[in-house]
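**Q** build me a model:
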Amino acid sequence: MIQEHRQASEPKQRIDTASPADLVDYRELLARAGLPPEGLAECLPDALVARRDGLLHGAVALETYGDQALLRSLVVAPATRGGGLGGALVDAALALARRRGVATVYLLTETAAPFFAHRGFATLARAEVPTAVQESVQFRSVCPQSAIAMTLALATNHTTSSATQAPQGFAALESTHRSVMTSTTIAPVTTDTSAKTCCGPDCCGGTKSETTAAPTKLDAEQLVAEVRARYGAIAATSGSCCGPVPCGASTGDAHLAVARGIGYSDAELASLPEGANLGLGCGAPLAALAPQPGETVLDLGSGAGMDVFLAAESVGPRGRVLGVDMTPEMLERARGTATKLGFSNVEFRSGRLEQLPVESASIDAVTSNCVINLVPDKRQVFAEIARVLRPGGRLVISDIVLDRPLPARLANDLFAYAGCVAGAALRTDYLAALSAAGLGEVEILRDVDYLASVYAAIPTEIDALLETAGVTATELAGSVRSITFRARAAKTAQA
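**A** Numbering: from 1, shown residues only. As a prediction, this is how the structure comes out:
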């Protein structure tokens with residue numbers, strides 16, 4: 001949805017069918033976003049472009065194969081990101097697909113599944129995609145095998161023989177979005193009389209099928225299930241937790257950019273096994289933890305093993321590093337790397353942070369990177385940390401906290417929760433839970449604006465996350481903080 005930030009006298013932004021004259025600007029926009037232009041000229045007749053003041057601000061294209069279509073080359077100019085134009089372009093493309101007689105739309109994405117799931121798309125195995133679509137250049141060579149295939153079955157279309165009826169779908173689409181897109185005009189598309197028009201209940205003046213429900217309080221186990229599913233997908237596709245990376249962009253480069261931005265050194269990143277860095281985290285707590293030779297270290301929410309493998313080098317062969325994670329795909333990935341590279345001093349255990357599969361008073365040092373914020377019962381997590389630490393044991397944790405409450409829509413958004421934002425607690429509540437568990441000597445080592453720092457590395461991902469939740473960066477400015485802190489367990493065992 002496009003937020004209204006302009007004066008009424010300013011020009012409206014239009015979504016029109018693309019013309020041959022748009023090809024150069026469209027390709028340039030894709031290039032600036034790091035997206036491939038291959039095959040774009042051939043599908044230009046089924047492409048849509050968004051313009052304001054004569055400048056191209058966004059575009060999307062369809063490749064049609066009979067009653068099937070591939071949604072591709074969705075791009076929004078940096079200056080326009082975060083305002084909902086991406087969603088408006090997708091909706092306009094789907095309306096066009098209906099008018100073309102398309103029954104099912106497919107797409108490929110590396111980590112944009114939540115963005116498209118909010119628009120009704122579902123994942124499927126690439127082998128289930130029709131052969132004609134699989135033969136497209138996007139499937140064959142442009143998008144990597146790790147890209148996720150998604151599909152959406154469109155409402156039943158009805159053939160029209162009247163050219164005057166052709167713009168109906170777009171006019172109605174404009175009507176359904178008018179309350180949240182008051183500055184956007186979606187222009188009618190001229191087609192031949194054989195084209196089909198959309199006359200389903202969602203686009204021809206009837207009830208809109210994809211309404212926005214009022215925010216509801218998220219159930220704790222629903223949150224856990226969503227987090228497990230989200231991070232399982234990340235493990236399978238090497239994606240990042242911070243939101244969608246457009247198909248064709250370099251997720252490897254994004255992972256390095258995120259890791260450097262949150263504090264990991266080039267030396268640490270160079271020493272990591274391939275595939276251990278998935279672009280997750282909000283800090284670099286291990287350097288401050290400073291594991292010593294012979295120590296036993298515990299990593300909470302160990303994921304693909306990034307901090308476990310770094311700590312293993314520090315504790316040496318006489319030491320031991322345990323990683324606990326609840327996501328089977330992450331555990332499989334981490335264990336596979338450990339076996340392949342012969343790490344004999346690491347172990348990855350399956351478990352929840354609220355009930356750690358670890359013996360009491362057996363751990364010298366605990367670390368965690370942007371995971372506790374994902375757990376609904378944070379007090380229980382800190383109680384478990386206090387239980388497993390030896391007397392006087394230490395912890396250094398990086399996590400997300402809030403300096404003011406989030407807007408309700410973001411706080412109650414599952415995808416934002418799994419993306420490390422909506423699960424965060426207020427700073428005062430978070431530190432109170434830490435103290436209640438008997439963990440003291442708290443020292444804040446790092447305190448930065450989380451969204452601002454991550455946005456500098458991956459702006460497209462953050463824009464998509466905020467757009468999906470229907471909030472703006474301005475609403476969140478300064479409120480979402482990434483902190484790294486040190487604390488200690490009591491020096492004598494608690495009764």
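**Q** contacts for the host helix or strand of residue 367?
**A** In the assignment (DSSP states H and E), residue 367 maps to strand 363-369. Contacts with strand 363-369, where a contact means C-beta atoms under 8 Å, 6 or more residues apart in numbering, come from 280-286, 289, 291-292, 295-301, 306-307, 311, 322, 385, 388-390, 393-399. Quick note: C-beta positions are derived from backbone N, CA and C, even for glycine.
**Q** partner strands of that strand, with direction?
**A** In the sheet, strand 363-369 lines up against strand 296-300 (parallel), strand 389-402 (parallel) (DSSP bridges).
**Q** buried ones in the last one?
**A** Residues of strand 389-402 classed as buried under the neighbour-count rule (16 or more other C-beta atoms under 10 Å) are 389-390, 393-402.
**Q** so for that strand, mean pLDDT?
**A** Mean per-residue pLDDT for strand 389-402: 95.
**Q** doesn't residue 387 fall inside a helix?
**A** Yes. According to DSSP: H, G, I helix; E, B strand; the rest coil, residue 387 belongs to a helix.
**Q** please parse this structure into its domains.
**A** 13-197, 220-488 (automatic domain parsing).
**Q** which stretch in these has the least confidence?
**A** Across the domains of the chain, domain 13-197 gives the lowest mean pLDDT, at a mean of 72.
**Q** wait, residue 405 sits on residue 427?
**A** No. Residue 405 lies out of contact with residue 427 (C-beta atoms under 8 Å); the separation is 11.3 Å.
**Q** who's more crowded, the two?
**A** residue 427 (16 against 10; other C-beta atoms under 10 Å).
**Q** wait, isn't the more buried one in contact with residue 401?
**A** Yes. Assessed by C-beta under 8 Å, residue 427 is found in contact with residue 401 at 4.3 Å.
**Q** overlap in contacts of these two?
**A** 481, 483.
**Q** and the buried residues of strand 389-402, which is closest to residue 127?
**A** residue 400 (37.7 Å; C-beta to C-beta).
**Q** list the contacts of the closest one.
**A** 282, 370, 373, 420-421, 423-424, 450, 480-483.
**Q** with residue 433 instead?
**A** 378-379, 382, 425.
**Q** surely it is within a helix?
**A** Yes. Residue 433 forms part of a helix when assessed by three-state DSSP.
**Q** roughly how far does it sit from residue 386?
**A** In this structure, residue 433 lies at 11 Å from residue 386, with C-beta to C-beta, to the nearest Å as the measure.
**Q** try residue 482
**A** 23 Å.
**Q** neighbour-wise, which of those two wins?
**A** residue 482 (26 against 22).
**Q** about what we covered before: now the strands paired with strand 363-369 in a markdown table, with distance to residue 18?
**A** Formatted as a markdown table, those follow (distance: least, C-beta to C-beta, whole Å):
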| stretch | distance to residue 18 |
| --- | --- |
| strand 296-300 | 49 |
| strand 389-402 | 40 |
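**Q** and of the ones you listed, who's closest to residue 24?
**A** strand 389-402 (42.0 Å).
**Q** got the CA coordinates for that closest one in PDB?
**A** Coordinates of the C-alpha atoms in strand 389-402 are reproduced here as PDB (Å, rounded to 0.1, in the frame of the first residue of the first chain):
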ATOM      1  CA  LEU A 389      26.100 -21.500  33.900                       C
ATOM      2  CA  ARG A 390      28.800 -22.400  36.400                       C
ATOM      3  CA  PRO A 391      29.000 -20.100  39.400                       C
ATOM      4  CA  GLY A 392      30.500 -16.800  38.200                       C
ATOM      5  CA  GLY A 393      30.000 -17.900  34.600                       C
ATOM      6  CA  ARG A 394      29.600 -15.200  32.000                       C
ATOM      7  CA  LEU A 395      27.400 -14.400  29.000                       C
ATOM      8  CA  VAL A 396      27.700 -11.900  26.100                       C
ATOM      9  CA  ILE A 397      24.600 -11.600  24.000                       C
ATOM     10  CA  SER A 398      23.500  -9.500  21.000                       C
ATOM     11  CA  ASP A 399      19.800  -9.000  20.700                       C
ATOM     12  CA  ILE A 400      17.000  -6.600  19.700                       C
ATOM     13  CA  VAL A 401      15.200  -4.400  22.200                       C
ATOM     14  CA  LEU A 402      12.700  -1.600  21.900                       C
END
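**Q** residue contacts, residue 378?
**A** 372, 425, 430, 433.
**Q** any chance of JSON lines for those residues, columns distance to residue 355 and secondary structure?
**A** As requested, the contacts of residue 378 are exported to JSON lines (distance: C-beta to C-beta, whole Å; DSSP: H, G, I helix; E, B strand; the rest coil):
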{"residue": "372", "distance to residue 355": "14", "secondary structure": "helix"}
{"residue": "425", "distance to residue 355": "20", "secondary structure": "strand"}
{"residue": "430", "distance to residue 355": "20", "secondary structure": "helix"}
{"residue": "433", "distance to residue 355": "16", "secondary structure": "helix"}
